[in-house]
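Visitor: Prediction below, plus the sequence it came from.
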There are 2 protein chains.
Amino acid sequence: MLLALLLVAAAVPPDVARHLVGGALSDGVAYARLRDLTDTIGPRLSGSPGAEAAVQWALKKFQQDGLSVRLEPVKVPHWVRGEESGEILPAPGIVGHRLALTALGNSVGGTASAEVVEARSLAELSALGPAARGKIVFFNHTMSKPDDYGRFVEMRSHGPSAAARVGAVAVLLRSLATASLRTPHTGMTSYDADAGQVPAAAVSTEDADLIDRLLQRGPVRVSLSLGCRMLPDADSANVVADVRGRERPDEVVLLGAHLDSWDLGTGANDDGAGVVMVMEAGRLIGSLRQRPRRTVRVVLFMNEENGLAGGKAYAAAHRAELGKHVAGLEADSGAGRPLAIRLRAGDGAGALLAPWIAPLESLGIQLEAGDAGGADLGPMDPASVPLVRVHTDGTHYFDIHHSAADTFDKIDPAELAKNAAATAMVAYALAEMPDVLPRAAPRPPRDNQAAPRPAAH
Amino acid sequence: MLLALLLVAAAVPPDVARHLVGGALSDGVAYARLRDLTDTIGPRLSGSPGAEAAVQWALKKFQQDGLSVRLEPVKVPHWVRGEESGEILPAPGIVGHRLALTALGNSVGGTASAEVVEARSLAELSALGPAARGKIVFFNHTMSKPDDYGRFVEMRSHGPSAAARVGAVAVLLRSLATASLRTPHTGMTSYDADAGQVPAAAVSTEDADLIDRLLQRGPVRVSLSLGCRMLPDADSANVVADVRGRERPDEVVLLGAHLDSWDLGTGANDDGAGVVMVMEAGRLIGSLRQRPRRTVRVVLFMNEENGLAGGKAYAAAHRAELGKHVAGLEADSGAGRPLAIRLRAGDGAGALLAPWIAPLESLGIQLEAGDAGGADLGPMDPASVPLVRVHTDGTHYFDIHHSAADTFDKIDPAELAKNAAATAMVAYALAEMPDVLPRAAPRPPRDNQAAPRPAAH
């Protein structure tokens, strides 16, 4: 214990820890900003007025905080939802039901009216083959806890193309959700270039249960109408703000979150919370008496939700400097209670970092084994930038994820503040410690939509 | 204990208790019927195809059960919802928000676009007076637990008329709800004959919080469009089914529930659960080797939700026989865990009934002090019929009440079965015990919408 205290003393000056942790926990800035972002701007889907307002909002806040801020251009998909509806059609013995549904992001619009066929995986759909021709494929599953997301999300991302390949006319997906009050959850789908494009929507878990039960009685016919469409790509931007390092300004600790959100809620948890956490880390570090050794860069990515254009654009524009990106942290796990710090880096990284984050012990936050990453940092994978993550309690993350219920009232100000404190402390550590973290072996290429993303959990 | 056992033995023959309790707990009929009602028919708002299908459905089930069943005609209001939408309008510094709203039942349709003024009670609105002229009145409140319903429901039932009186153009009500995933809750409003009629809708609690926060920043303008309208009264019916008493068939134990539901969900908890509980009591009692002394009458009332036409029609049609109605039980409290039996009757009623319901002790259900009643039994108040109630755990009742989330998946089959067992046992007791319960003093006249209704809680 004495040794630990000495190590703390040796690592982070007490006034720095007090400024960062105390500032995050008592200034109330992150929470106030999240309220401001979600109340005055609200939904921020790429290409929407909300997304553009958010870019200007963030630019102004970074300027107020005294960071060196710029907009880096990004071309983004511009998908709009329009009106949408669906129903289980009346049939002998069935009066009919209006469905609670919402189009999957990037879905083509259109109408369909056909019999429903149920599949519980892409493999099950393939096995159905010709039996799905002319039908509406209903992807059902048994998601009941956050960890199930990674197993089932392939039905959302790749299901519509798979359905088109077997001649189906539309897709209904059971929402990927851990709670429901008849609330459908959207999320991105991707059409393969070599497959047809059929309209795809999520139904609430209640409606999925209903369709499943009715299918046990006999044929079920559904009619749906999706008014969504893809407009030409829009001009948007990543917002990039630096606290320039005092000794090695070319070495960068990147703190990322995504400024865009789905259109149904106000993106308070996904990812407004992450946005204000990393902004708060930037604000607090930027207001230290002495800036850290290296540059702390806050990047608010655009278009994480339905294209990842911002993450790709950043990696492309900064390719030459990625070797000097000494660490990356992506905050896109909501504002649940911060439980630990996790790393993806080379051997010995933990031992280097641990003493520098000792001031977080009083918040119950310590380094632990695990992984780190994030969708927006994915395009930087080839550079093997060491990744750090504030691991949060995700128990209720998928209760509201990608649904209309992702709103400000769901955010606990105390947990948000603790997350901001942890982010600030970790960022400071990475920017100040004498040695940088060793790089891990490159990550094998992955499918961001199909695989569980540690930071989007 | 020995005495208690002897009393049980003296009161209810063991084979009868086994048949009723065992049948309710192991046959699975109530749950299967609720699934059938909600899946194949679904919403059952008065005047809708679903309501009429439900009448025919119930008629057929009672016939299958061998009860003596008839339809008693009721003229019901025929209100239809239509399309509905609303938004917080863009303003300087505010991008705008789409609102999650739904018209209050019986509301007039129409559009409004005006500044919002907040009131937290009818009294607060009166105090605002001219300040509300030309505005949309936003009724906000702090409902957080079931017991709060009775305090705040006056804003739903009488708010629109109160708003019209001060010259307001529309009403938005914070949903009367104890949980929300952006789910608005409807419910009946009543226009006073001497006031104007303005469109009225409920917003989700999240939207209410948002409006409240935005009002703290400055003026908020809302636009809303409600497509609802009242059509001419429709012909419908109460479904009345008797298990005729073997000795005193003119003495009636009435078991009531309401067959209609709101249009947003499938009315599984409100009041499909009550419907199948009282049907199950009728089925089980009707299939006893020996019918009880008195008549057990199951009444499925029409139009409890938006008019109470069924309850009024029954009381009117049977006025001459109400003196022979020896007890009434209304099941309209959802399918939460049954906790106790409560009474509203004259002195000594509890002592008479207690030994007859001893077989429910193993289910944790005993007689306790409290009240009983129900909206559909209200019109019978002048006859002072002794009232009995299966008191259930209402903790989550208002999580889904009157919302799209009132669906079959919310029902716990084990608790539903226990409720059916309790209902059957109590009904048998009331129909078989040698003496009838003494009548209580008449209840003072009350406003069913404004006052907490013990059985609708």
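Guide: Now that the structure is in, tell me what you want to look at.
Visitor: where does the stretch 151-300 of chain A come near chain B, residue by residue?
Guide: Contact residues, the stretch 151-300 of chain A versus chain B (C-beta under 8 Å from any C-beta of the partner chain): A:179-183, A:205-206, A:209-210, A:213-214, A:217, A:265-266. C-beta coordinates here come from the backbone N, C-alpha and C atoms, glycine included.
Visitor: May I ask which two of those residues are separated the most?
Guide: The distance between the two most remote of these (C-beta to C-beta) is 39.5 Å, for A:Arg217 and A:Thr266.
Visitor: Tell me which of those two has more neighbours.
Guide: Comparing A:Arg217 with A:Thr266 by other C-beta atoms under 10 Å in any protein chain shown, the one with more neighbours is A:Thr266, at 27 against 14.
Visitor: follow-up on the earlier one: buried ones among the residues of the stretch 151-300 of chain A next to chain B?
Guide: Applying a neighbour-count criterion of 16 or more other C-beta atoms under 10 Å in any protein chain shown, the buried members of those are A:180-183, A:205-206, A:209-210, A:213-214, A:265-266.
Visitor: now these in a markdown table, with pLDDT and secondary structure?
Guide: Shown next, in a markdown table, are those (pLDDT from 0 to 100; DSSP: H, G, I helix; E, B strand; the rest coil):
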| residue | pLDDT | secondary structure |
| --- | --- | --- |
| A:Ser180 | 98 | coil |
| A:Leu181 | 98 | coil |
| A:Arg182 | 98 | coil |
| A:Thr183 | 98 | coil |
| A:Thr205 | 98 | helix |
| A:Glu206 | 98 | helix |
| A:Asp209 | 98 | helix |
| A:Leu210 | 98 | helix |
| A:Arg213 | 98 | helix |
| A:Leu214 | 98 | helix |
| A:Gly265 | 98 | coil |
| A:Thr266 | 98 | coil |
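Visitor: Helices of chain A, start to end?
Guide: For chain A, the helices defined by DSSP state H cover A:2-11, A:14-17, A:23-26, A:29-36, A:49-65, A:122-128, A:149-165, A:205-217, A:273-286, A:309-317, A:349-353, A:397-400, A:413-432.
Visitor: A:Glu368 is nearest to which of those helices?
Guide: Of these, nearest to A:Glu368 by C-beta to C-beta is helix A:349-353, at 8.9 Å.
Visitor: on contacts alone, who are the packing partners of the closest one?
Guide: With contacts taken as 3 or more C-beta pairs under 8 Å, 6 or more residues apart in numbering or on different chains; DSSP states H and E, helix A:349-353 sits against strand A:338-344, helix A:413-432.
Visitor: Turn the ones you listed into a markdown table, including mean neighbour count, mean pLDDT and distance to B:Arg389.
Guide: Shown next, in a markdown table, are the helices and strands packed on helix A:349-353 (neighbours: other C-beta atoms under 10 Å in any protein chain shown; pLDDT from 0 to 100; distance: least, C-beta to C-beta, whole Å):
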| stretch | mean neighbour count | mean pLDDT | distance to B:Arg389 |
| --- | --- | --- | --- |
| strand A:338-344 | 22 | 97 | 46 |
| helix A:413-432 | 26 | 98 | 42 |
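Visitor: Now distance to chain B too, for these, in TSV please.
Guide: Listed next are the helices and strands packed on helix A:349-353 as TSV, based on distance: least, C-beta to the nearest C-beta, whole Å:
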stretch	distance to chain B
strand A:338-344	24
helix A:413-432	14
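Visitor: Is A:Pro184 in contact with A:Ala202, as I believe?
Guide: Yes. Applying C-beta atoms under 8 Å, one finds A:Pro184 in contact with A:Ala202, separated by 4.6 Å.
Visitor: who touches both of the two?
Guide: Listed as contacting both A:Pro184 and A:Ala202 by C-beta atoms under 8 Å, 6 or more residues apart in numbering or on different chains are A:101-102, A:175.
Visitor: what would those look like in a markdown table with neighbour count and pLDDT?
Guide: Listed next are those as a markdown table, based on neighbours: other C-beta atoms under 10 Å in any protein chain shown; pLDDT from 0 to 100:
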| residue | neighbour count | pLDDT |
| --- | --- | --- |
| A:Leu101 | 24 | 98 |
| A:Thr102 | 28 | 98 |
| A:Ser175 | 29 | 98 |
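Visitor: In strands, which of the residues you listed fall?
Guide: Using DSSP state E, the subset of these located in strands is A:101-102.
Visitor: among the helices of chain A, which is the most enclosed?
Guide: Greatest average neighbour count among these goes to helix A:273-286 (a mean of 29), per mean count of other C-beta atoms under 10 Å in any protein chain shown.
Visitor: quick one: that helix to helix A:29-36, angle?
Guide: For helix A:273-286 against helix A:29-36, the angle by axes from the mean of the first three to the mean of the last three C-alpha atoms, to 10 degrees is 140 degrees.
Visitor: Show me what helix A:273-286 packs onto, helices and strands only.
Guide: Packing partners of helix A:273-286 (3+ C-beta pairs under 8 Å, 6+ apart): helix A:23-26, helix A:29-36, helix A:49-65, strand A:229-243, strand A:248-258, strand A:294-301, helix A:413-432.
Visitor: which residues touch the shortest one?
Guide: Surrounding helix A:23-26, the residues in contact under the criterion C-beta under 8 Å, 6+ apart are A:29-30, A:280, A:284, A:287, A:417-418, A:420-421, A:424.
Visitor: Among those, which pair sits farthest apart?
Guide: Taking C-beta to C-beta, the two most distant members of the contacts of helix A:23-26 are A:Ser287 and A:Lys418; they sit 19.2 Å apart.
Visitor: Please name the nearest non-neighbouring residue to A:Arg291.
Guide: Nearest non-adjacent residue to A:Arg291, counting by C-beta to C-beta, 6 or more residues apart in numbering or on different chains: A:Arg246, 4.7 Å away.
Visitor: now the one you found: how far from chain B?
Guide: Applying C-beta to the nearest C-beta, to the nearest Å, the value for A:Arg246 to chain B is 37 Å.
Visitor: what's the burial count for that residue?
Guide: Around A:Arg246 there are 14 residues (other C-beta under 10 Å).
Visitor: need the contact list for it.
Guide: Counted by C-beta under 8 Å, 6+ apart, A:Arg246 has contacts A:290-293.
Visitor: mind redoing it with 10 Å?
Guide: Contact analysis of A:Arg246 by C-beta atoms under 10 Å, 6 or more residues apart in numbering or on different chains lists A:290-295, A:431-432.
Visitor: which stretch among the helices and strands packed on helix A:349-353 comes nearest A:Ala132?
Guide: Comparing these by C-beta to C-beta, strand A:338-344 comes nearest, at 39.9 Å.
Visitor: Show me what that closest one is packed up against.
Guide: Strand A:338-344 makes packing contacts with strand A:325-330, helix A:349-353, strand A:366-367, strand A:387-392, helix A:413-432 when contacts are defined by 3 or more C-beta pairs under 10 Å, 6 or more residues apart in numbering or on different chains; DSSP states H and E.
Visitor: now, among the buried ones among the residues of the stretch 151-300 of chain A next to chain B, which is nearest to A:Ile94?
Guide: Out of those, the member with the shortest distance to A:Ile94 (by C-beta to C-beta) is A:Leu214, at 6.9 Å.
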